[in-house]
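[1] Okay, predicted coordinates and the sequence, questions at the end:
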Amino acid sequence: MKRIGGISMMKCLRCGAFLEDSARFCNSCGAPLFSPANPGAQAPPHSAGYFDTYRNPNGHNMGYPPPSAAIARRPSDHPTVSETIGNSLRRIGHRPLLLWGLSMLYLLLCTLSVVLSILPLFWIPLILLLSVGMTSIFLNAYRGKELESAQLFIGFKKSSHFLGGMAWMLLWIIIWALIPIAGIVCALIKVYSYRFVPYILLSEPDISPQDALKKSIAQTDGYKGRMFGADLLIIVCILGAYLVLFALSFIPYMRIIFQLLACLLSIFVFLFAPLVFGTIQASFYDTITNKSAVQTEIVEETMT
């Protein structure tokens, strides 16, 4: 016991904080306290790890008694950019040929839409609906679900719902791009703000286009930089490979070899870059939405 300012204080045996002798638990570490008001308190474990296992959503130690299971399974921070790319590449590696075939079918259908439709009024809606189907394929691939070519045409089953949301998203990106001077930067930011719109349209069949954009903005808040960083890292790696091959092409008698390698790299990028970008996008959506769902559950359980 110790008296501070005329008040009888006691010292926490675990962290050393001084508290009123009427306290039952330490306000600093959450350990049960020995005091006349709390004679039945059990001695805190010697291992600090016992208490460190249980923390509230803000990361503060909650001590004894342990919180609910939802808090015990509190989600960790979002994976780093390199971890996200690594996870995405591993997912692609599970079914590379099927994913590659579906992405090539998507590119072929988009190309045919532009060539045969001629007018943007016809081919833009087709591409938007096909992109919803490809988004569904990438998400299912990342989650380890079955993939079918019919999924590519899922956007046509409820075309007004998907086309309305995707067209509304595209319209706002164009509007932001029209801003003088800063338009390109603003439009780029909005591209990442609206990136989850197709996923939201797929998961919520009755949501309006306006609400889909608002929800995407809320879900991507705080993550746009990471998503941009992931895409930028892939682009930098590709450009770096081209620069290396270009520099090596000046070696005498080796020019034709490195030019051939540059052509092969271009083919590889054309064939597999869509897979990488699409799976990375699905990775961010899946991780962020899962984290938000667990955090919501934690808040609900702590309030009840």
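    Everything's here; your move.
[2] quick one: Tyr223 from Phe284, how far?
    Going from Tyr223 to Phe284 by CB to CB, to the nearest Å gives 7 Å. Every C-beta, even on glycine, is put in place using the N, C-alpha and C of the backbone.
[3] burial measure for the nearest residue to Asp231 once chain neighbours are set aside, as a count.
    Leaving aside its sequence neighbours, Asp231 sits nearest to Phe277 (CB to CB, 6 or more residues apart in numbering; 6.5 Å). Phe277: 16 surrounding residues under other CB atoms under 10 Å.
[4] Settle this for me: Phe277 is touching Leu233, isn't it.
    No: with contact defined as CB atoms under 8 Å, Phe277 and Leu233 do not form a contacting pair (11.3 Å).
[5] can you pull out the strands in the protein?
    Secondary structure of the chain by DSSP state E: the strands cover 2-4, 7-11, 18-20.
[6] Could you give the average pLDDT over the first one?
    Read that as strand 2-4. For strand 2-4, the mean pLDDT works out to 50.
[7] can you check the longest one too?
    For strand 7-11, the per-residue pLDDT values average out at 62.
[8] Now for Ser136: which residues touch it?
    The contact partners of Ser136, taken as CB atoms under 8 Å, 6 or more residues apart in numbering, are Gln151, Ile154, Leu202.
[9] any idea how far it is from Met254?
    Applying CB to CB to Ser136 and Met254 gives a distance of 45 Å.
[10] And for Ile154?
    For Ile154 relative to Met254 (CB to CB), the value is 49 Å.
[11] Which one's more surrounded, these two?
    Higher neighbour count among Ile154 and Met254: Ile154, with 19 against 11, using other CB under 10 Å.
[12] Mind pulling up the pLDDT for that one?
    What the model reports as pLDDT for Ile154 is 94.
[13] So which residues of the chain form helices?
    49-52, 69-72, 81-94, 96-117, 120-142, 159-177, 183-193, 197-203, 209-220, 224-248, 255-303 (DSSP state H).
[14] and Leu13, which of those is closest to it?
    helix 49-52 (12.3 Å; CB to CB).
[15] Send over stretch 210-221 as PDB, restricted to the C-alpha atoms.
    In PDB, the C-alpha atoms belonging to stretch 210-221 read as follows (Å, rounded to 0.1, in the frame of the first residue of the first chain):
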ATOM      1  CA  GLN A 210     -25.400   5.000 -56.100                       C
ATOM      2  CA  ASP A 211     -25.200   2.900 -53.000                       C
ATOM      3  CA  ALA A 212     -22.800   0.500 -54.700                       C
ATOM      4  CA  LEU A 213     -20.400   3.400 -55.300                       C
ATOM      5  CA  LYS A 214     -20.800   4.700 -51.800                       C
ATOM      6  CA  LYS A 215     -20.100   1.300 -50.300                       C
ATOM      7  CA  SER A 216     -17.100   0.800 -52.500                       C
ATOM      8  CA  ILE A 217     -15.700   4.200 -51.400                       C
ATOM      9  CA  ALA A 218     -16.200   3.200 -47.700                       C
ATOM     10  CA  GLN A 219     -14.600  -0.200 -48.100                       C
ATOM     11  CA  THR A 220     -11.600   1.100 -50.000                       C
ATOM     12  CA  ASP A 221     -11.000   3.900 -47.600                       C
END
